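In: following is a predicted model, sequence given first.
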Amino acid sequence: MHNCTDIPPFPDDIPTEQLSIIDYQLLLAGEPSEIEKLYHAAATQGFWYVKNHGMELLVNAMFRTAEKVLNLPLKDKLELLQRDHRGAHGYKAKGTVPVDQHGTRDITEFINISQDDVLAYPTQVHRTYPAPLREAMEDVVQPLVRGCVAMNLAMLAALTGKLQLPNGTLARLHAYAAGAESCSELRCLRTSPCQESGRIALGAHTDFGSLSAVFNRLGGLQILCPTDGTWKYVKPLPGHIICNVGDALEFFSGGLLRSSVHRVLPPPGLQAQHERWSIVYFTRPADDVELRPLAEESSLIAGAAKAASGSEKLSPGFTAGEWYAKKTAKYLAREHSLPT
Ligand SMILES: O=C(O)CCC(=O)C(=O)O
Ligand SMILES: [Fe+2]
């Protein structure tokens, strides 16, 4: 299922959001039109594709690793359960989170792998992981996470300039001093096949951090379109990463960048009979970074934050670590009452 040629095509008759495609190599070369395209996408839809990232082989290997991990017996996976905000690195079983007002549960399981643990491996920072992950750590997980860190830092650097912040400002908020803890992580998700119409696999949410990079093969990801308020699919394109802005970057930018609401439905059309796998890498600020507009560092951001004044949304009064804990608390509380 991880080979794009094996899967039924994404239907061409469903509402689909057109996203900009950013060429990672042009971005690295500092091409002004590419940087402008990225900023525009981040400020309007909050989502875009990235091509020419050079990580496709690692991504395929990570899908194979994810399959081995999530195919472990449920009792082994339950030993990896997320426990609290610190232990949000770990396993979330399917059926633990209500996805609508009737209390219908999600149909997606996932495991969160802490970036701190990956980069420090074999030293353990937060927790241990099962054998299939440990075995792939050096050849697959570490190089993939390093590639994602580099890509997201390159995009943050480009956005730093467009937000008229001094060079290095956003990078600094995501630099984890030696020994400091971060919430950045790699997530592997599996959604059971489902042909029930209207079923939601993963409920509507925004991402907590600054930037997310989504690798998927089958459709199902939808964004709430900012212009007309309707749900639109994001079509997976072979070799392309789907990237999006998270809450932290919306706060830092005084609302200039958009953390868009999204959700996952079972794959559309003929794809619905297949299991859906995806991998997401989340870049999050260091735990102690305060979430608020960076108004002192940029008059552009100061102006935007002022124009949006009254919107508590932009200064929630939390650090990144507290924000993450608050947002995860809702489903961590339910982990121990799994439906059978
Ligand atoms: O599976 C996907 O395509 C997206 C998953 C997602 O939005 C998330 O895990 O935050
Ligand atoms: Fe998400």
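Out: All right, it came through fine. Residues are numbered from 1 along each chain as shown. Ligands and ions are numbered 1, 2, ... in the order given.
In: hey, where'd the helices end up in this protein?
Out: Assigned by DSSP state H, the helices in the chain fall at 24-28, 32-44, 56-70, 74-78, 115-120, 131-136, 142-162, 169-173, 247-252, 299-307, 320-332.
In: now for the last one, which elements pack on it?
Out: Pointing back at helix 320-332 there. Applying 3 or more C-beta pairs under 8 Å, 6 or more residues apart in numbering; DSSP states H and E, we find helix 320-332 packed against helix 247-252. Where C-beta positions appear, they are placed from N, C-alpha and C, glycine not excepted.
In: contacting residues around the helix it packs on?
Out: 42, 159, 170, 173, 206-211, 257-259, 284-285, 289, 291-294, 301, 314-316, 320, 323 (C-beta atoms under 8 Å, 6 or more residues apart in numbering).
In: give me the subset of those residues touching ligand 1.
Out: When contact is defined as C-beta under 6 Å from any ligand atom, those meet ligand 1 at residue 207.
In: quick one: least confident helix or strand in this protein?
Out: Using mean pLDDT, DSSP states H and E, helix 320-332 stands out as the lowest-scoring helix or strand of the chain, at a mean of 77.
In: where's that one relative to the chain centroid, distance-wise?
Out: Centroid separation for helix 320-332 versus its chain: 15 Å, with C-alpha atoms, centre = their mean, to the nearest Å.
In: quick check: buried residues in that helix?
Out: Across helix 320-332, burial judged by 16 or more other C-beta atoms under 10 Å covers 320-325, 327-328, 331-332.
In: nearest residue to residue 189 other than its sequence neighbours?
Out: Spatially, and ignoring its direct neighbours in sequence, residue 189 is nearest to residue 110 (4.1 Å; C-beta to C-beta, 6 or more residues apart in numbering).
In: now do the same for that neighbour: its pLDDT.
Out: At residue 110, the model reports a pLDDT of 94.
In: does it have beta-bridge partners, and which?
Out: Going by DSSP bridges, residue 110 is paired in beta bridges with residue 92, residue 189.
In: ok, the spatially most central residue of the chain to residue 220 distance?
Out: Among the residues of the chain, the one closest to the centroid is residue 212, at 3.5 Å (C-alpha atoms, centre = their mean). Going from residue 212 to residue 220 by C-beta to C-beta, to the nearest Å gives 16 Å.
In: contact residues of the protein facing ligand 1?
Out: So far as C-beta under 6 Å from any ligand atom goes, the chain lies against ligand 1 at 187, 189, 202, 207, 214, 216, 221, 262, 264, 278, 280.
In: residues near the closest residue to the fifth one other than its chain neighbours, how many?
Out: Spelled out, it's residue 214. Among residues not flanking residue 214 along the chain, residue 242 sits closest, at 4.2 Å (C-beta to C-beta, 6+ apart). If you count neighbours by other C-beta atoms under 10 Å, residue 242 ends up with 23.
In: distance check, residue 317 against residue 157.
Out: For residue 317, the distance to residue 157 - C-beta to C-beta - is 28 Å.
In: who has more neighbours, those two?
Out: Between residue 317 and residue 157, residue 157 has the larger neighbour count (other C-beta under 10 Å), namely 18 against 10.
In: the closest residue to the more buried one other than its chain neighbours - how many residues pack around it?
Out: Counting by C-beta to C-beta, 6+ apart, residue 171 is the residue found nearest to residue 157 once chain neighbours are left out, at 6.4 Å. By other C-beta under 10 Å, 14 other residues sit near residue 171.
In: residue 171 reaches residue 156, doesn't it?
Out: Yes. Using C-beta atoms under 8 Å, residue 171 is in contact with residue 156, at 5.9 Å.
In: returning to what we had before: buried subset of the contacts of helix 247-252?
Out: 42, 159, 170, 173, 206-211, 257-259, 284-285, 289, 291-294, 301, 314-315, 320, 323.
In: just the ones of those residues in strands?
Out: Counting by DSSP state E, the part of these found in strands is residue 211.
In: who does the residue nearest to residue 214 form a beta bridge with?
Out: Beta-bridge partners, per DSSP bridges, of residue 242: residue 49, residue 214.
In: residues in contact with the residue nearest to residue 241 when sequence neighbours are not counted?
Out: Nearest non-adjacent residue to residue 241, counting by C-beta to C-beta, 6+ apart: residue 50, 4.5 Å away. Neighbour list for residue 50: 21-24, 151, 213, 240-241, 243 [criterion: C-beta under 8 Å, 6+ apart].
In: now, which of the residues you listed sits nearest residue 35?
Out: residue 22 (9.1 Å; C-beta to C-beta).
In: distance of the residue nearest to residue 214 relative to residue 264?
Out: Residue 242 is 12 Å from residue 264, by C-beta to C-beta.
In: perfect, that will be all.
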